[in-house]
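A.B. asks: what would the 3D arrangement of this be:
(chains A and B)
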Amino acid sequence: MQAYLETLIKSRLEQLGWKAPHIQLSRPKNADNGDWASNVAMILARELKKAPLQIAEELMEGMELDPHIVEKYEIVKPGFINFFQSTNYLTDELERVLELREDFGKNTIGKGKTAQVEFVSANPTGPLTVGHGRQTVLGDTLASILTSSGYDVTREYYFNNAGRQMRLLGESLKARYLQLKGSQTVLPDGGYEGLYLLDVAQKLLDEQPELSANTDVSIFKDYAEKSIFAIIKNSLERIGVVHDVFYNERSLYKDGKIEEVLGLLRDKDLIYEKDGATWFKTSELGVDQDRVLVKSSGEPTYRLPDIAYHREKVARGFDMVVDVFGADHIDAYPDVLSALKVMGLKHDHIHVVIHQFVTLVRSGEVVKMSTRKANFVTLDELIDEVGADVVRYFYIMRSASSHLNFDLDLAKRQTEENPVFYLQYAHARISSIFRRAKERGLKVDTSRADLALLDEEFTVALINETLAFPEVIERCLTTLEVHHLPNYLFELATALHKFYTEYKVIDLDQPDVSKARLALLDAVQVTLRNGLRILGITAPDQM
RNA sequence: GCUCCGGUAGCUCAGCUGGAUAGAGCAACGGAUUUCUAAUCCGUAGGUCACAGGUUCGAGUCCUGUCCGGAGUACCA
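C.D. replies: Have a look, this model is predicted:
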């Protein structure tokens, strides 16, 4: 419908020799204003120096509208052109939904293209926290949106296992291990205090009781990395997230990629030595100051491997790259991108999605989170308390650029007024109706239903809501903001519940109407299920 | 100081590239169940869209400035 009107208006503009601005077609909030509306006449008013109403008249005069699609149009006050879709159009589209089924909502924007989504990327120094959870769900859902748009998607987890952090982790584990053996060893300065390390230490002690203070730290480091990664992967699995690639920082060193980047930047004269460290002249690239790439200790800062990693991403030839980062990385990625730029590499296909922090509230108090301190809430604990479906929904119901207030007490309490259950109930409710229909001998035979019977107010509203699904997916894709999807599904559920209370679906006195309504519900359920699948939330048939 | 994000109903937040009367959930109050699941629906109340200017037919949305909250500004990641 949207596309149809757009091309129609565009060609008419050309006919008249008017310069086509961005044609805007929107769904008016008020049903009196039609199903679709365009402001094109008002936009043109300035340039043509004519009254918008007159422009609209001239525009519409020679327009040939297919009565099968558009029933009528109106030109109203400031200069809107309102289009009213025909019932035929609605039922045709509904039939299409029922043919497409699990493919309804998909588009082909990314057909034949590859995409990579990097997300989570937490270093294996501790269990995933509630903070990581947001990024996890955000990235996974974005990846699903891309898949629905035809992209061949790689979900990737990049982790840093070569730096100072991991050394500290090894030392921390060693201290814990020795403590278990009765030694008074203290944790290193800035070490990891989390109790999970004690568990890891206990396991190590059980497996290898012979280690001592003389044992090389690397033994402890590797063991810690392996153990903690197992914990992380288990958490990811619990909320249905599976990465295709775990990209290891250490490999960048092994393959000489770190050195290559330094060499390339040096060729551009953007590297210099000062105070024993190696600096990147970011001040020449629009940043307020230069950054250190290699510390005086000889260890690179996170920036350097990040640049090398992104160079690899470019080399791997993805058509689209999405990086999902927390707000604490806001300062790092511009350096990475400008480094790619000066190395002459493609970079405008890289999209960075920054999400704001999750503020955790427990008993009315804000919980400060730090992986190194012991007082953090893990993603696992959250899943234990509220369930994976609720966790997933809550994390993406808000836009990424907004701070997310996660009230733990509320989330735990929530079992009844929860939007997740509201949504799932809509799905289950339809299943229930289908079961009952079957009992009464009514077949859900969508191909034989006379959809033209679906013309009541709330029915049409429900159909319209259903048909909006593909637009929502597209919007998520173009904006890379996935919160539109849960919001939409909530509205669809509302439309369904309203329809349900208003009309009786199973009515043996009106078998034709019943059949048509069952077909409609089939389409609604297909849509709900498709949407929930993208969100990674289960669609129960019974609650 | 500078950079980025946010400030919309009591609370948590939507509001698509500027469009028609600013919405939802929760909380409050009042209703609906001889019925396909009431985990539902309907109604009432609740607003200076932080503030001040500007741009134009039209601003919650764009521009400038101010205030408030958060993040960053590290030889941490």
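
A.B. asks: residue closest to the middle of chain A?
C.D. replies: Nearest residue to the geometric centre of chain A (C-alpha atoms, centre = their mean): A:Leu142, 3.1 Å.

A.B. asks: show the contacting residues for that one.
C.D. replies: For A:Leu142, the contacting residues are A:117, A:119, A:322, A:324, A:353, A:476, A:480, A:482, by C-beta atoms under 8 Å, 6 or more residues apart in numbering. Heads up, the C-betas are built off the backbone N, CA and C, glycines and all.

A.B. asks: so which of those sit within helices?
C.D. replies: A:Cys476 (DSSP state H).

A.B. asks: so which pair among the contacts of A:Leu142 is furthest apart in space?
C.D. replies: Using C-beta to C-beta, the pair of these lying farthest apart is A:Phe119 and A:Cys476, separated by 15.5 Å.

A.B. asks: more neighbours: the two, which one.
C.D. replies: Using other C-beta atoms under 10 Å as the criterion, A:Phe119 and A:Cys476 rank with A:Phe119 on top: 27 against 23.

A.B. asks: that one is in contact with A:Arg155, isn't it?
C.D. replies: Yes - counting by C-beta atoms under 8 Å, A:Phe119 does reach A:Arg155; the two are 7.3 Å apart.

A.B. asks: now for those two: what residues contact both?
C.D. replies: Here A:Phe119 and A:Arg155 have A:139-140, A:143 as joint contacts, going by C-beta under 8 Å, 6+ apart.

A.B. asks: and those, which is closest to A:Gly110?
C.D. replies: Nearest to A:Gly110 among the shared contacts of A:Phe119 and A:Arg155, with distances taken as C-beta to C-beta, is A:Ala143, at 11.6 Å.

A.B. asks: next, count neighbours for the closest one.
C.D. replies: By other C-beta under 10 Å, the residues close to A:Ala143 number 27.

A.B. asks: contacts only, for it.
C.D. replies: A:115, A:117, A:119, A:153, A:155, A:322.

A.B. asks: same check, this time on A:Val353
C.D. replies: A:Val353 neighbours (C-beta under 8 Å, 6+ apart): A:138, A:142, A:322-325, A:400, A:480.

A.B. asks: which of those fall in strands?
C.D. replies: Among the contacts of A:Val353, the ones falling in strands (DSSP state E) are A:322-325.

A.B. asks: show me what from the stretch 151-300 of chain A comes close to RNA strand B.
C.D. replies: A:160, A:163-165, A:274-277, A:288-289, A:291-292, A:295-297, A:299 (C-beta under 7 Å from any atom of the strand).

A.B. asks: right, and the helix or strand after the least confident helix or strand in chain A by mean pLDDT?
C.D. replies: The helix or strand of chain A with the poorest confidence is strand A:365-367; it has a mean of 68 (mean pLDDT, DSSP states H and E). Sequence-wise, the next helix or strand downstream of strand A:365-367 (DSSP states H and E) is helix A:379-386.

A.B. asks: how about that following helix and RNA strand B, touching?
C.D. replies: No - judged by C-beta under 7 Å from any atom of the strand, helix A:379-386 and RNA strand B are separated, with a smallest distance of 12.6 Å.
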